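*Asks:* pasted the sequence and its predicted model underneath.
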Amino acid sequence: MSPQHEPASRAPRKLRPWHRLTLIVLLSLAAVLLVARLAAPYYVRHAIDRRLSQIPGYSGHVDGINLHFWRGAYRIDGMTIVKSDNRVVEPFFSADRIDFSIAWAEILRGRLVSQIYIKNGRLTFLRGADAESSQLAADKRWQEVINDLFPIDITYLEIRGGVLRFVDTTHTPRVDVAIRDLKVVATGLQNRPADEGDAFPAKFDISGVTIGDGQFRLFAKAEPLADKPHFQMAMELKKVSLPALNDFLKAYAHVEVSKGKFEIFAQMSMANEHYEGYVKPFIADLSFDDLADEE
């Protein structure tokens, strides 16, 4: 084709004014959303730290927040709650991760509820010489904190790798017992009392390993927020090696065990401020020394 027959190059198409305005608006909106997405975790973390600092006698901190808008969720990394006077070195509560999300399947049924997963949650009760060096409280203040941090009904709670620990520094030797590898599955938890006709809305399945490698299991159903709490519970603790409990036994029973196995089975219920149930302990192959005889 001769040069005179070559098509003339097309001039670049110019954006129409309304196209240009639309593009500017979309880019501005995207920039605002990006900035909000980057800044939101900081503000959420600050809000959670501020709420934790309002717990009477305690303070708290979280390491980081991850937001997942697409699934209606946020994740707390590294939560710690401690006594604010610094007289207790053990955190009252800590967790590596807490994941809070909306249960979308329940929305289709007209219910706005949530699910919570906790990884390596650790709760430590400590008895010291006085109230300032102790942390034994498990009262309404913690329910209020949970309501604020997770403001809708919790339909499912799961804890894995948990530790429930009790330390008593007022005895010699120092008592330090725990349930480790704790797994908790709880359903039907609520931030308000259940409707009439639902006597036991909350269900709990708890298992773990105690000191002395005992196998712990507890099943319970309850209405924790009723004016007059009522519940049903079944618990078993099997194959506990008693020598591992010697610090505890020396402190409270003044005995030292050289061998023995311990098991206990219990069932209990409460209704109308009336308890019913039984506790059956079993001890096998026991050998011990009464330390009181040596004093």
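*Replies:* That came in fine, so what should we check first?
*Asks:* how about the nearest residue to Ala137, chain neighbours excluded?
*Replies:* Gly57 (7.6 Å; Cβ to Cβ, 6 or more residues apart in numbering). Just so you know, the C-beta spots here come from the backbone N, C-alpha and C atoms, and that holds for glycine as well.
*Asks:* can you check Glu256 too?
*Replies:* Going by Cβ to Cβ, 6+ apart, Glu256 has Asp289 as its nearest residue, at 5.0 Å.
*Asks:* shouldn't Val89 be within a strand?
*Replies:* No - with DSSP: H, G, I helix; E, B strand; the rest coil as the criterion, Val89 is coil rather than part of a strand.
*Asks:* any idea how far it lies from Asp205?
*Replies:* 33 Å (Cβ to Cβ, to the nearest Å).
*Asks:* which SS class is Gln251?
*Replies:* To be clear, residue 251 is Ala; Gln isn't right here. helix.
*Asks:* and the gap between it and Ser101?
*Replies:* 43 Å.
*Asks:* coming back round to it: who's more crowded, Val89 and Asp205?
*Replies:* Higher neighbour count among Val89 and Asp205: Asp205, with 14 against 9, using other Cβ atoms under 10 Å.
*Asks:* so the more buried one makes contact with Val185?
*Replies:* Yes - with contact defined as Cβ atoms under 8 Å, Asp205 and Val185 form a contacting pair (4.7 Å).
*Asks:* A helix includes Ala199, no?
*Replies:* No - in this structure, Ala199 is coil, not part of a helix, as judged by three-state DSSP.
*Asks:* report pLDDT for Val145.
*Replies:* What the model reports as pLDDT for Val145 is 73.
*Asks:* for it, helix, strand, or coil?
*Replies:* helix.
*Asks:* now Ala129
*Replies:* Quick answer, by three-state DSSP: Ala129 is coil.
*Asks:* show me what contacts it?
*Replies:* Taking Cβ atoms under 8 Å, 6 or more residues apart in numbering as the contact definition, Ala129 lies against 169-170.
*Asks:* again with Pro173
*Replies:* Counting by Cβ under 8 Å, 6+ apart, Pro173 has contacts 247, 250-251.
*Asks:* wait, Ile48 sits on Val62?
*Replies:* Yes - taking contacts as Cβ under 8 Å, Ile48 lies within contact range of Val62: 5.4 Å.
*Asks:* need the residues touching each of those two.
*Replies:* Ile76.
*Asks:* circling back to that earlier point, and the gap between the residue nearest to Ala137 and Thr124?
*Replies:* For Gly57, the distance to Thr124 equals 15 Å [Cβ to Cβ].
*Asks:* give me the more crowded residue out of those two.
*Replies:* Legend: neighbour count by other Cβ under 10 Å for Gly57 and Thr124, higher for Thr124 (18 against 13).
*Asks:* where does that one sit: helix, strand or coil?
*Replies:* strand.
*Asks:* with Phe248 instead?
*Replies:* helix.
*Asks:* ok, it touching Val175?
*Replies:* Yes - using Cβ under 8 Å, Phe248 is in contact with Val175, at 5.3 Å.
*Asks:* need the contact list for the residue nearest to Ala137.
*Replies:* 83-85, 137.
*Asks:* next structured bit after the worst-scoring helix or strand of the chain on mean pLDDT?
*Replies:* One helix or strand of the chain scores below all others by mean pLDDT, DSSP states H and E: helix 104-107, with a mean of 55. Once the chain leaves helix 104-107, the next helix or strand it forms, by DSSP states H and E, is strand 113-119.
*Asks:* who's in contact with the host helix or strand of Gln267?
*Replies:* In the assignment (DSSP H and E), Gln267 maps to strand 255-271. If you take Cβ under 8 Å, 6+ apart as the criterion, strand 255-271 is touched by 212, 214, 229-243, 245-246, 249-250, 275-291.
*Asks:* of these, which belong to strands?
*Replies:* 230-241, 275-290 (DSSP state E).
*Asks:* test my guess that Asp49 contacts Val62.
*Replies:* Yes - using Cβ under 8 Å, Asp49 is in contact with Val62, at 6.3 Å.
*Asks:* more crowded one of the two?
*Replies:* Per other Cβ under 10 Å, whichever of Asp49 and Val62 has more neighbours is Val62, with 20 against 14.
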